[in-house]
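Q: Requesting a structural model of the entry that follows:
(one chain, ligands or ions: 1)
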Amino acid sequence: MLAFDGALHIGAFQYLGVPLMTIGVAVIGAGMAGRAHAAAYRAATSLYESNLPPVRLVSIGDVNSTFGKAAADRFGYERTDSDWRVIADDPNIHAVSVVVANHLHREIVEGLLAAGKHVLCEKPLSDTLDDARAMVAAADKASSIARIGLTFLRNPAIAAVQKIVSSGQLGKVLHFSGKYWADYSSDPMSPISWRYKGHMGTGALADVGSHISYIAEFITGNAFTEVSGARFVTSITERPIPSGAVQGHSGATVSDKFDTVENDDYAGFTASFGDVAGSIEVSRVASGHPTSLSFEVYGSKGAARFTQARNGEFELVLNEDPYGQRGFRTVQIGPSHPYIAGGLPVDAPGVNVGQNDQFFFQNRAFLAEVAGLAETPSLPFCPDFADGLHNMEVIESVIQSGLANGANVAVPAASPSYLRKNA
Ligand SMILES: NC(=O)c1ccc[n+]([C@@H]2O[C@H](COP(=O)([O-])OP(=O)(O)OC[C@H]3O[C@@H](n4cnc5c(N)ncnc54)[C@H](O)[C@@H]3O)[C@@H](O)[C@H]2O)c1
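A: I've put the predicted structure just below:
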């Protein structure tokens, strides 16, 4: 009979040289993103070729057992656990996603790594740099793998633009403009939750700004070197206290009592990526933009742009086109672009993709690494905790610029894995 050998490390999924038949997975946090992870593990074996061991959907962990049970039932997990330590102690669970509020990441991640579990932690790595550094140290010590979910790296259209830029087709990169507009906080009666607590920079900047920051680096091919002109605004300064548990951004009934919003609804700053100029704006009060990461990248030979509202396409202009006919053309995503060919059940031109697909590709890549499979160019492994720390150092530099009335702040030098792999 096949059995797990007890040693949780890369390539350990075998017994006496025979591959182990199953990877047991759990998701801690049954909220909005937790459900995306739960669905992604369920879909993982149906993406790409069938070289992944079967995935056993063991547990959804959530302190709220109603939320946990609903997610476990919906996505076909065997059980729910209200204490993450039960998941850490279960020898049938090998890989775990941590998808709870940012300030809870450290304790749970450290506990899981100490128990030998492979961990995929949501972004941002934590809510403080000290915690993030401790998590990197714990990952370095661990025999298992620790990865972070920088999900938009898995967007086929974004990855397609990255390939065009890194191929040199747009010439020298000159300028990047990025935004992440969201509207989840536009309604002043949307209840207070963990998202609104913490110092300036832990709001829209940490939540959606973390995404557009690593995408800015991914697209320009350069890490941030400096930020300046940072400005934070809290547009809605207090919100109603919910009368029940809150998941996601809204959906709870509220009381007539209000609590203070401590962090940013809007953040904006300028940036340098080496000699590439940039500007970034993020907002959670942008009505009409439910969730819209968008960017434009300009080079000496052309430009490209993307908006999440039109996930299945990007736009491209090439200066070599005849003068008088030059303009942005729309390119639909298809099998000639990353992630689609062989990855999706229908991998034909124009199939389109959405944010849920990004989680599918991401969690499949995580499981492939857990299973000890070789990394392939079509499905790069997930970024590591050092990348997550760098992402937080960018955020911290913006915070410091804001505190210093917009002064220039150098970003600590870094070489993120998503730049090394895609140079
Ligand atoms: N990658 C992405 O695109 C993306 C999108 C949304 C959120 N996120 C990240 O995912 C994380 C969770 O965000 P969310 O929007 O799903 O939050 P959420 O508020 O919707 O859900 C959090 C869940 O965690 C549960 N919980 C609270 N304390 C817990 C504990 N100690 N143990 C187990 N469960 C606990 C809550 O009951 C709730 O169900 C955050 O880090 C966020 O930044 C990432």
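Q: Which part of the stretch 1-150 of the chain gets nearest to the ligand, residue-wise?
A: Closest contact between the stretch 1-150 of the chain and the ligand, by CB to the nearest ligand atom, is at residue 31 (1.8 Å). The way it works is simple: take the backbone N, C-alpha and C, and place the C-beta from them, glycine included.
Q: In this structure that residue contacts residue 99, no?
A: Yes - using CB atoms under 8 Å, residue 31 is in contact with residue 99, at 6.8 Å.
Q: Pick out whichever of those two has more residues nearby.
A: Remark: of residue 31 and residue 99, residue 99 carries more neighbours, 27 against 20, as counted by other CB atoms under 10 Å.
Q: okay, now the closest residue to residue 203 other than its chain neighbours: neighbour count?
A: Among residues not flanking residue 203 along the chain, residue 263 sits closest, at 3.2 Å (CB to CB, 6 or more residues apart in numbering). By the criterion of other CB under 10 Å, residue 263 has 22 neighbours.
Q: Which pLDDT does the model give residue 263?
A: The score at residue 263 is 97. That number is its pLDDT.
Q: Kindly indicate whether it is helix, strand or coil.
A: Under DSSP: H, G, I helix; E, B strand; the rest coil, the three-state class of residue 263 is coil.
Q: Hmm, residue 200 and it touching each other?
A: Yes - with contact defined as CB under 8 Å, residue 263 counts as touching residue 200 (5.8 Å).
Q: joint contacts of those two?
A: Common neighbours of residue 263 and residue 200, counting by CB atoms under 8 Å, 6 or more residues apart in numbering, are 232, 234.
Q: Might one say that residue 269 is in contact with residue 232?
A: No - with contact defined as CB under 8 Å, residue 269 does not reach residue 232; the gap is 9.4 Å.
Q: Which of these two has more residues huddled nearby?
A: Ranked by neighbour count (other CB under 10 Å), residue 269 and residue 232 place residue 269 first, with 26 against 22.
Q: give me the element the more buried one is part of.
A: According to DSSP states H and E, residue 269 maps onto strand 266-273.
Q: and that strand, what does it pack onto?
A: helix 210-220, strand 226-233, strand 276-283, helix 385-403 (3 or more CB pairs under 8 Å, 6 or more residues apart in numbering; DSSP states H and E).
Q: hmm, try it at 10 Å
A: Here strand 266-273 touches strand 173-182, helix 204, helix 210-220, strand 226-233, strand 276-283, helix 385-403, going by 3 or more CB pairs under 10 Å, 6 or more residues apart in numbering; DSSP states H and E.
Q: next helix or strand past the longest one?
A: On the C-terminal side of helix 385-403, the nearest following helix or strand under DSSP H and E is strand 409-410.
Q: Can you give the strand pairings for that following strand, parallel or anti for each?
A: strand 226-233 (antiparallel) (DSSP bridges).
Q: Would you mark the buried spots in the partner strand?
A: Neighbour-count burial for strand 226-233 flags 227-232 (criterion: 16 or more other CB atoms under 10 Å).
Q: now residue 240: how far from residue 73?
A: 30 Å (CB to CB, to the nearest Å).
Q: can you check residue 320 too?
A: 56 Å.
Q: Among these two, which residue is more densely surrounded?
A: Higher neighbour count among residue 320 and residue 73: residue 73, with 11 against 8, using other CB under 10 Å.
Q: Tell me which helix or strand the more buried one sits in.
A: Here residue 73 is assigned to helix 65-75, by DSSP H and E.
Q: for that helix, the distance to its chain's centre please.
A: The chain centre lies 23 Å from the centre of helix 65-75; the measure is CA atoms, centre = their mean, to the nearest Å.
Q: Pairing partners for the strand holding residue 269, with directions?
A: When pairing is defined by DSSP bridges, strand 266-273 lines up against strand 226-233 (antiparallel), strand 276-283 (antiparallel).
Q: Contacts only, for residue 310.
A: Contacts were defined as CB atoms under 10 Å, 6 or more residues apart in numbering; by that measure residue 310 touches 157, 292, 294, 330, 332-333, 352.
Q: Show me which residues of stretch 194-206 are buried.
A: Buried residues in stretch 194-206 (16+ other CB under 10 Å): 195-198, 200-206.
Q: follow-up on the earlier one: give me the distance from the strand holding residue 269 to the chain's centre.
A: The chain centroid and the centroid of strand 266-273 are separated by 19 Å under CA atoms, centre = their mean.
Q: Close to the ligand: what parts of the stretch 1-150 of the chain are there?
A: The stretch 1-150 of the chain has residues 28-34, 61-64, 67, 84, 99-100, 102, 104, 122-123, 149 near the ligand, with proximity defined as CB under 6 Å from any ligand atom.
Q: Just the buried ones from those?
A: The buried subset of those - by 16+ other CB under 10 Å - is 28-31, 33-34, 61-64, 67, 84, 99-100, 102, 104, 122-123, 149.
Q: Out of those, list just those in helices.
A: The helices, defined by DSSP state H, take in 33-34, 67, 84 from those.
Q: sorry, back to before: mind putting the contacts of residue 310 in TSV, neighbour count and secondary structure included?
A: Output for those, formatted as TSV (neighbours: other CB atoms under 10 Å; DSSP: H, G, I helix; E, B strand; the rest coil):
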residue	neighbour count	secondary structure
157	25	helix
292	18	strand
294	18	strand
330	10	strand
332	14	strand
333	24	coil
352	15	coil
